[in-house]
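Student: sequence-free structure coming up:
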């Protein structure tokens, strides 16, 4: 890793604000390789230098990656004045984390959280065709006509101005009783506003429940409870990076 300012490194690691850290450096509370630091602008190499702040060893990875099982009622944003954000579910001290893409407030399931902007951009870029799979409960019976409509692409906007690209719709089971419900999976490669809901709406059907179960090479773990998160494994990170570089 290239060198970085000492105060920025500590701030990015969640040790405090830049002003607080600068003050503490001047007070002699920060050591670099067992030597008291005196300048906030001192350059350090996080890969080789040992940083101690107020008698605590600071270890800081430049990028972090988490998988979160998003519950309904949370907004996929870093800040919001109307509802709690997905980041409020996490205890990480980092201030630069963000969700990759968005899930609607009432949508549940897999959400990737990171501070790797380059990877997020590649994963969300339409040219990389990254699959996003959802488990959906639909009011009404989904049949072969609907499957073909999804496969051919659907107009989901006014006057055919907004068209969803071809998507894969699989019927898992149907409830033919008075409820008339369909349990399906939908795989898309876009992220238009309310896309899955609007696709079914275009066919005269209503989505009752929506949960993302797969994003690219990541699958939602069965043992990850709603509202909980965990760090990605090295293999999971590697697969995501390989996927994002695939045309």
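Tutor: Received, thanks. None of the values given here were measured: they were computed from a predicted structure.

Student: and the strand or helix carrying residue 23, how far out from the chain middle?
Tutor: Residue 23 belongs to helix 18-26 when assigned by DSSP states H and E. Remark: helix 18-26 is offset 32 Å from the chain centroid, using CA atoms, centre = their mean, to the nearest Å.

Student: scan this structure for its longest strand.
Tutor: Identified as the longest strand of the chain according to DSSP state E is strand 206-215.

Student: what are the buried residues along stretch 57-67?
Tutor: If you call a residue buried by 16 or more other CB atoms under 10 Å, then stretch 57-67 has these buried ones: 58, 60, 64-67. Every residue, glycine included, has its C-beta placed from N, CA and C.

Student: what of stretch 90-100?
Tutor: Buried-residue list, stretch 90-100, by 16+ other CB under 10 Å: 94, 97-100.

Student: now the helices for this protein?
Tutor: Residue ranges of the helices in the chain, as given by DSSP state H, are 6-12, 18-26, 117-124, 144-152, 195-202, 234-244.

Student: now mean pLDDT, distance to residue 223 and mean neighbour count too, for these, in JSON lines please.
Tutor: Output for the helices of the chain, formatted as JSON lines (pLDDT from 0 to 100; distance: least, CB to CB, whole Å; neighbours: other CB atoms under 10 Å):
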{"stretch": "helix 6-12", "mean pLDDT": "88", "distance to residue 223": "31", "mean neighbour count": "21"}
{"stretch": "helix 18-26", "mean pLDDT": "94", "distance to residue 223": "38", "mean neighbour count": "16"}
{"stretch": "helix 117-124", "mean pLDDT": "93", "distance to residue 223": "24", "mean neighbour count": "16"}
{"stretch": "helix 144-152", "mean pLDDT": "97", "distance to residue 223": "31", "mean neighbour count": "15"}
{"stretch": "helix 195-202", "mean pLDDT": "96", "distance to residue 223": "25", "mean neighbour count": "21"}
{"stretch": "helix 234-244", "mean pLDDT": "90", "distance to residue 223": "15", "mean neighbour count": "16"}
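
Student: distance check, the residue nearest the centre of the chain against residue 238.
Tutor: Geometric centre of the chain, nearest residue: residue 112, 2.5 Å, by CA atoms, centre = their mean. Noted for residue 112: a distance of 14 Å to residue 238, by CB to CB, to the nearest Å.

Student: contacts for the helix holding residue 23?
Tutor: The contact list for helix 18-26 (CB atoms under 8 Å, 6 or more residues apart in numbering) reads 6-8, 10-11, 15-16, 30, 37-40, 53-54.

Student: and which of these is nearest residue 210?
Tutor: residue 11 (37.6 Å; CB to CB).

Student: give me the beta-bridge partners of residue 173?
Tutor: residue 183 (DSSP bridges).
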